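Colleague: kindly generate the corresponding structure for this input.
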Amino acid sequence: MWSVYITIVFVFVWIGLASIGPLHKTDPYPFPFLLFLGNLVQLVLVFVILVGQGVLGRSSDQRSERTFTDAETILSEVRTLHSHLAEQDKILNKGVDLVKSEAHPRVKERETLTPTTVKAQYVGLNGRIAAAITKTVSTMWAFYFAVLFQFGWIGLALAGIITFDPYPFAFLLFISSLLQLVFMFVIMVGQDVLGRAGTQRAEQTYLDAEAVVHECRRLQRHLTEQDKAIVAICNYIESEAPQDHPIRRTLPTVTF
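Modeller: Numbering: from 1, shown residues only. Next up is the predicted model:
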């Protein structure tokens, strides 16, 4: 916000000085040099924003893939533990499961899912066109080209090589304004895509976390029932086995 405040103050101070102050002779109304400077900065900043969007999109895709993989690893470990506990039930309870419960529907659903990516939000012909434009202009090379183009044009015009567009470079300002208008819509498309991807990623993370918590609670209930069975077995052995039986030396001291 400090950049916004500084820009507003700079513009209004310049307008004041150019209207009734020492800049009146240099840049009177309609303030051609201020407009030229504003267009120059705006076109450069448009590419800075586009590059920033590209970086955010790539980093969010990487984060989405890591989060998706981490959730899959956790659920895989939980499934392994469930299988192990089911095998233990065969020993403790004559093959009958101690706990009847169903896996969270999300566990099955994840088999057909992939991580949420920004690229996947570009759907249809318009989406492919938007993706191609965004990929092209959201690079540092596009930024370098824009800067070199503007300053190169200005240098050639001042040197007299470009004779049809002298200061205040009306044709350059026209091209810059046209490009800014187009790229502003590209930026808004990119923001919409990032927003949709972020929303889907949040929903996916929430559902994955819900499934993990559900599966952990299933494990907890199963372990609790196995603990009760183990305690009952140990108590039975302790009461029925002879005092000198070797099993007494291996019995744990348990309370429940």
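Colleague: CA only for contacts and neighbour counts going forward, please
Modeller: Noted.
Colleague: list the contacts for the nearest residue to Thr163 once chain neighbours are set aside?
Modeller: Leaving out its chain neighbours, the residue that sits closest to Thr163 by Cα to Cα, 6 or more residues apart in numbering is Ala157, at 6.3 Å. Contact partners of Ala157, counting by Cα atoms under 8 Å, 6 or more residues apart in numbering, are Thr163, Asp165, Pro166, Tyr167, Phe169.
Colleague: now do His84
Modeller: By Cα under 8 Å, 6+ apart, no residues touch His84.
Colleague: and the next helix or strand past whichever helix or strand it is part of?
Modeller: If you go by DSSP states H and E, His84 is part of helix 32-92. Scanning forward in sequence from helix 32-92 by DSSP H and E, the next helix or strand is helix 105-109.
Colleague: so which residues make contact with that next one?
Modeller: Identification of contacts with helix 105-109 by Cα under 8 Å, 6+ apart yields Leu75, Leu207, Asp208, Ala211.
Colleague: from these, pick the one nearest Glu240.
Modeller: Relative to Glu240, the closest of the contacts of helix 105-109 is Leu75; by Cα to Cα it sits at 41.6 Å.
Colleague: thought that closest one was touching Glu210?
Modeller: No: taking contacts as Cα atoms under 8 Å, Leu75 lies outside contact range of Glu210: 11.2 Å.
Colleague: and the helix holding His84, average pLDDT?
Modeller: For helix 32-92, mean pLDDT rounds to 88.
Colleague: still on that earlier bit, more neighbours: Leu75 and Glu210, which one.
Modeller: The neighbour comparison of Leu75 against Glu210 (other Cα atoms under 10 Å) goes to Leu75, with 20 against 14.
Colleague: tell me how far the nearest residue to the more buried one once chain neighbours are set aside lies from Thr67.
Modeller: The shortest distance from Leu75 to any residue other than its chain neighbours is 6.4 Å, reached at Val212 (Cα to Cα, 6+ apart). Counting by Cα to Cα, to the nearest Å, the separation of Val212 from Thr67 is 13 Å.
Colleague: what of Gly190?
Modeller: Taking Cα to Cα as the measure, Gly190 falls 23 Å from Thr67.
Colleague: neighbour count winner among these two?
Modeller: The residue with more neighbours, out of Gly190 and Thr67, is Gly190; 21 against 17, by other Cα under 10 Å.
Colleague: how about that one, secondary structure?
Modeller: Three-state assignment for Gly190 (DSSP: H, G, I helix; E, B strand; the rest coil): helix.
Colleague: next one: it, what pLDDT does it get?
Modeller: Listed pLDDT for Gly190 reads 85.
Colleague: which residues touch it?
Modeller: Counting by Cα under 8 Å, 6+ apart, Gly190 touches Gln53, Thr134.
Colleague: are any of the contacts of Ala157 buried, and if so which?
Modeller: Asp165, Pro166, Phe169 (16 or more other Cα atoms under 10 Å).
Colleague: as TSV, these with distance to Arg63 and secondary structure would be great.
Modeller: Shown next, in TSV, are the buried ones among the contacts of Ala157 (distance: Cα to Cα, whole Å; DSSP: H, G, I helix; E, B strand; the rest coil):
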residue	distance to Arg63	secondary structure
Asp165	48	coil
Pro166	49	coil
Phe169	45	coil
